[in-house]
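Sequence and predicted structure below; questions after.
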Amino acid sequence: MARAEAKKARTEELEREYVVPLRASQFRPSRRRRAGHATSTIRQFIARHMHGTVEQVWLDPRLNEHLWERGVQHIPRNVRVKAIRFEDGLIEVDLIDVA
């Protein structure tokens, strides 16, 4: 009974806000791969927390521009995002406005 309810809950639309830490993306990859590593880190984080796959995660272009704003080497330490999982399983990730 609990499994059926849990599966039903996953098919409904879900919206959450997260602060994704990108600190590891500053040290693990080489200097010229930091922004790309940060995008894959965000995809993995959202897929894990929203119960989806990495292929189902769609990043908003504004979020990508925010990551690349200071170049490939100088990424932000963390990013505030809003993730929405739709009924078909697609997960959309938007940047929450930075003040």
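Thanks, I have it.

Around R62, count how many other residues there are.
Neighbours of R62 under the rule other CB atoms under 10 Å: 11. Quick note: C-beta positions are derived from backbone N, CA and C, even for glycine.

let's have the chain start at 32 instead
Taking 32 as the first residue, the last one we looked at is R93.

ok now do R64, which residues does it touch?
V103 (CB atoms under 8 Å, 6 or more residues apart in numbering).

measure it to T72 for me?
Separation of R64 from T72 (CB to CB, to the nearest Å): 12 Å.

now swap in P52 and tell me
Using CB to CB, we find P52 at a distance of 8 Å from T72.

The two - which one has more neighbours?
Neighbour totals were compared for P52 and T72, and T72 leads with 21 against 12 (other CB under 10 Å).

a helix runs through the more buried one, doesn't it?
Yes - when classified by DSSP: H, G, I helix; E, B strand; the rest coil, T72 is found to be part of a helix.

from what I can see it touches Q57, true?
No - taking contacts as CB atoms under 8 Å, T72 lies outside contact range of Q57: 10.5 Å.

From E118, how far off is the spatially most central residue of the chain?
Residue closest to the average C-alpha location in the chain (CA atoms, centre = their mean): I73, at 3.6 Å. According to CB to CB, I73 and E118 sit 22 Å apart.

Same question for T70.
In terms of CB to CB, T70 sits 25 Å off from E118.

And V124, by the same measure?
V124 is 17 Å from E118, where distance means CB to CB.

Kindly report the same for L53.
L53 is 30 Å from E118, by CB to CB.
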